[in-house]
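A.B. asks: one predicted model, sequence on top.
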Amino acid sequence: MRIVLSNDSRLAIWEQIVEQIKDAIMKGELSPGDPLPSIRALARDLRISVITTKRAYDELEAERFVESIQGKGSFVAAQDSAMMREKRLHTIEAKLSEAAGI
Amino acid sequence: MENILDIKNLRKEFGGFTLDNVSFALPRGYIMGFIGPNGSGKTTTLKLIMNLMRADAGTIEVFGQDHIRFEREIKQRIGFVYDEPVYYENLSIRRMTGLISPFYAKWDQSLYEDYLRRFELNADQKIKTLSKGMRTKYALALALSHGAELLIMDEPTAGLDPVFRRELLDILLDVMQREENSILFSTHITSDLDRVADYITFIDRGKIVLSQDKDSLYEQYVLVKGGPEDLTDALRRELIGVTVSAHGFEGLASHPVQGEGLLLDKPSLEDIMFFHTRGDRHGA
C-alpha cells in the first residue's frame, strides 16, 4: 500500500492518509477483506504519531471504507457497487471543483 | 483509557525558581513530549516523579499508585534515562551492568545483549572511554531491558548528532508497538517530536502553558505573517507573540485570524514554544 506524506500539503497528515487509502480502495489496489496495518505499525512505518493514524482509521471507518474487528484489526470493508459508484461520483465531483478553482 | 502518569498541582520552591501548580496526565500507550526552554522546570518535574526530590505540594500517581508509597514497585516498571547518567567510570559496561541488573525482577539478559549489539557497544569497554552518544545508548539499553512500561527520558538527544537522533526515534517507535508502553520524553529539541509525539506538554518558567494532543495543537495554532503596515494594534492584541523586522512581522495566534494581505502558515512546535516565551507581547 502506497502512502506518501507531504509536510507542505494543505491537508493534515491524517487527511492525506485517508485520501490515499480511499484512492487505493477505489482503484481496486486494495480489495474488500484485505487487512490494513495496525495503527501502531503504520505510525512506526510512517514515523508519525499513533493518534494521527487512529484518527485516519476512525475517519475511514465512519465513511465505511474500512471496518475494525475487535481483537483482529482493521480490514477493507465490503464495497457494494451502488455505494462505490456514489463514492466515485463524489470524488470526481470534488476533483472537478478543485480543478475549476471553486 | 487509564493514565500511566497523573500529576496534580505539583509545587516546588527553591532558590529563585518555583515549579508552580504543575498538572498534566499521560494516558497509557502514548508518547508525550515534555517541552520547554532550558531552565523551565522539566528536569525538576522529572526528578519529582522519580522521588529524587520532595515536592512542597501536589500529588503524583504512576500506574495509578502514589509515587512515594509505592516507589519500589513503580521503579521496577520505569525505565529512566538521565541527561547525564552517573556510573562508576572505571568499570566496564559488563561489570557496571552486573551491579544494576540484580535490582530488577524482570531483567532480560538476552534482550539487553541484543541492544548492546544493536547499539554497537562493547561490553568490555570502560565507561570512562564512552562518548556522550555511547553513554546515552548504554543508558537506553539498561532502561529497555527490564520490562519497563513507562520510559522517562530527560533530554536524551541533547548533544547527539542528528543521525543518532533519528535512530533513537526509531527505537522508541519500536517500543510503542506494545500498547501497554508509554514514553515521557523531555527535550528542548522539538524537531524530534514534531511528527512522532501523541501529546505535548509545554512548560515555561515553572508553569504549564499547555498540555494537549499534538494534532489538535497544530489545528489550533497558526503562524501569521505580513508586511510592516499589516501589523495593526488590533492584530497585535490577537497575537500571543510577534517578531518584527524591516520587512514584516511574524506572530502566533491560537485561533484563526482574518486580515487582508496576511499569510497564514502552519507553525512548528519550535514556533509555538518560541512565541510563547520570547516574542514581544501586545506591542510592548
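C.D. replies: It's in. Numbering: from 1, shown residues only, chains lettered A, B, ... in the order given.

A.B. asks: when you work out contacts or count neighbours from here on, use the C-alpha atoms and nothing else.
C.D. replies: OK.

A.B. asks: correct me if wrong: A:K22 contacts A:V66.
C.D. replies: No: because the distance of 9.2 Å does not satisfy Cα atoms under 8 Å, A:K22 is recorded as not touching A:V66.

A.B. asks: next, show the common contact partners of these two.
C.D. replies: Taking Cα atoms under 8 Å, 6 or more residues apart in numbering or on different chains as the contact rule, the neighbours common to A:K22 and A:V66 are A:L60.

A.B. asks: which one's more surrounded, the two?
C.D. replies: When A:K22 and A:V66 are compared for neighbours, A:V66 comes out ahead with 25 against 21, by other Cα atoms under 10 Å in any protein chain shown.

A.B. asks: so that one is in contact with A:G73, correct?
C.D. replies: No: using Cα under 8 Å, A:V66 and A:G73 do not qualify as a contacting pair, with a distance of 10.3 Å.

A.B. asks: and chain A, which residues reach chain B?
C.D. replies: Listed as neighbours of chain B in chain A under the rule Cα under 8 Å from any Cα of the partner chain: A:R40, A:A41, A:A43, A:R44, A:R47, A:I48, A:S49, A:V50, A:I51, A:T52.

A.B. asks: residues contacting the first one?
C.D. replies: Each residue near A:R40 by Cα under 8 Å, 6+ apart is listed here: A:V50, A:T53, B:M176, B:Q177.

A.B. asks: now, those that are in helices?
C.D. replies: Among the contacts of A:R40, the members found in helices (DSSP state H) are A:V50, A:T53.

A.B. asks: from the contacts of A:R40, pick the one nearest A:S31.
C.D. replies: Among those, A:T53 lies closest to A:S31 (Cα to Cα), at 20.2 Å.

A.B. asks: which residue is the nearest non-sequential neighbour of the closest one?
C.D. replies: The spatially closest residue to A:T53, leaving aside those adjacent along the chain, is A:I39, at 5.5 Å (Cα to Cα, 6 or more residues apart in numbering or on different chains).

A.B. asks: neighbours of the one you found, how many?
C.D. replies: Other residues lying near A:I39 total 21 when counted by other Cα under 10 Å.

A.B. asks: could you do A:D45 as well?
C.D. replies: Tallying neighbours of A:D45 according to other Cα under 10 Å, which is how burial is gauged here, yields 13.

A.B. asks: the one 3 residues further on now?
C.D. replies: Here the count is done by other Cα under 10 Å, and A:I48 has 21 residues near it.

A.B. asks: what's the helix or strand where A:E61 lies in contact with?
C.D. replies: Under the criterion of DSSP states H and E, A:E61 resides in helix A:50-62. Taking contacts as Cα under 8 Å, 6+ apart, the residues outside helix A:50-62 that touch it are A:13-15, A:17-18, A:22, A:39-40, A:42-43, A:66-68, B:30, B:196, B:198, B:215.

A.B. asks: which residue is the nearest non-sequential neighbour of the residue of the stretch 1-150 of chain B found nearest chain A?
C.D. replies: Residue nearest to chain A within the stretch 1-150 of chain B (Cα to the nearest Cα): B:Y30, separated by 7.3 Å. Using Cα to Cα, 6+ apart and skipping the chain neighbours, the partner closest in space to B:Y30 is B:S182 (5.0 Å).

A.B. asks: got the CA positions of the helix or strand of chain A with the lowest mean pLDDT in PDB?
C.D. replies: For chain A, the helix or strand with the lowest mean confidence is helix A:81-100, at a mean of 78 (criterion: mean pLDDT, DSSP states H and E). Extracted C-alpha coordinates of helix A:81-100, given in PDB (Å, rounded to 0.1, in the frame of the first residue of the first chain):
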ATOM      1  CA  SER A  81     -21.400  -1.400  -6.100                       C
ATOM      2  CA  ALA A  82     -24.200   1.200  -5.700                       C
ATOM      3  CA  MET A  83     -22.300   2.700  -2.700                       C
ATOM      4  CA  MET A  84     -19.000   2.500  -4.600                       C
ATOM      5  CA  ARG A  85     -20.500   4.300  -7.600                       C
ATOM      6  CA  GLU A  86     -21.700   7.100  -5.400                       C
ATOM      7  CA  LYS A  87     -18.400   7.400  -3.700                       C
ATOM      8  CA  ARG A  88     -16.600   7.600  -7.100                       C
ATOM      9  CA  LEU A  89     -19.000  10.200  -8.300                       C
ATOM     10  CA  HIS A  90     -18.400  12.300  -5.100                       C
ATOM     11  CA  THR A  91     -14.700  12.100  -5.700                       C
ATOM     12  CA  ILE A  92     -15.000  13.000  -9.300                       C
ATOM     13  CA  GLU A  93     -17.200  16.000  -8.400                       C
ATOM     14  CA  ALA A  94     -14.700  17.100  -5.700                       C
ATOM     15  CA  LYS A  95     -11.800  16.900  -8.100                       C
ATOM     16  CA  LEU A  96     -13.500  18.800 -10.800                       C
ATOM     17  CA  SER A  97     -14.400  21.600  -8.400                       C
ATOM     18  CA  GLU A  98     -10.800  21.700  -7.300                       C
ATOM     19  CA  ALA A  99      -9.600  21.900 -10.800                       C
ATOM     20  CA  ALA A 100     -12.100  24.700 -11.600                       C
END
